[in-house]
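# pasting the sequence and the predicted model now:
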Amino acid sequence: MSGLARKLIPLADRVLIKRVKPVTQTAGGIYLPESSQKKEVEAEVVAVGPGGRDRNGEIIPMSVSVGDKVLLPEYGGNNVKLGEEEFQLFRNDDILGKFE
């Protein structure tokens, strides 16, 4: 993991994630062209903000933590490039699920 990603702390209810690399080869050894590869919806949480606030100003705890494997929507998030690595910022509410 990049040292730059560790220094970026998302604000409010934002989560910094790194998508898992898409599968480029089948079990039989055939390489897939980029046009047939789907965008990966699985990612790893790299950094987490402190959480959003409710109407009373209380912090709403985040549902994920650093190192969690999560399920994302196919589209969305904001692309962030730190050094040579690409990450995405999502809101906590945009994350669809968490893998155990």
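Perfect, I can see it now. Computed from a predicted structure; not experimentally measured.

# where does the residue at minimal distance from the centre of the chain land on pLDDT?
By C-alpha atoms, centre = their mean, the chain has its centre lying nearest to Ile17, at 2.5 Å. The model reports Ile17 with a pLDDT of 95.

# also Lys38?
On the pLDDT scale, Lys38 is placed at 65.

# low-confidence bits of this structure, can you list those?
The model of the chain has pLDDT under 70 over residues 1-6, 34-39.

# now do the helices in it.
3-7 (DSSP state H).

# looking at it, which residue ends up farthest from its center?
Farthest-out residue of the chain from its mean C-alpha position, per C-alpha atoms, centre = their mean: Gly28, at 29.6 Å.

# what sits against it?
Contact analysis of Gly28 by C-beta atoms under 8 Å, 6 or more residues apart in numbering lists nothing. The C-beta positions use only the backbone N, C-alpha and C, and glycine is treated the same way.

# what about stretch 83-100, start to end distance?
30 Å (C-alpha to C-alpha, to the nearest Å).

# how far does it sit from the chain's center?
Relative to the centre of its chain, stretch 83-100 is centred 2 Å away, using C-alpha atoms, centre = their mean, to the nearest Å.

# I'd say Arg19 and Phe90 touch.
No: under the criterion of C-beta atoms under 8 Å, Arg19 is not in contact with Phe90, lying 10.7 Å apart.

# overlap of the contact sets of these two?
Leu72.

# many thanks, I have nothing further to ask.
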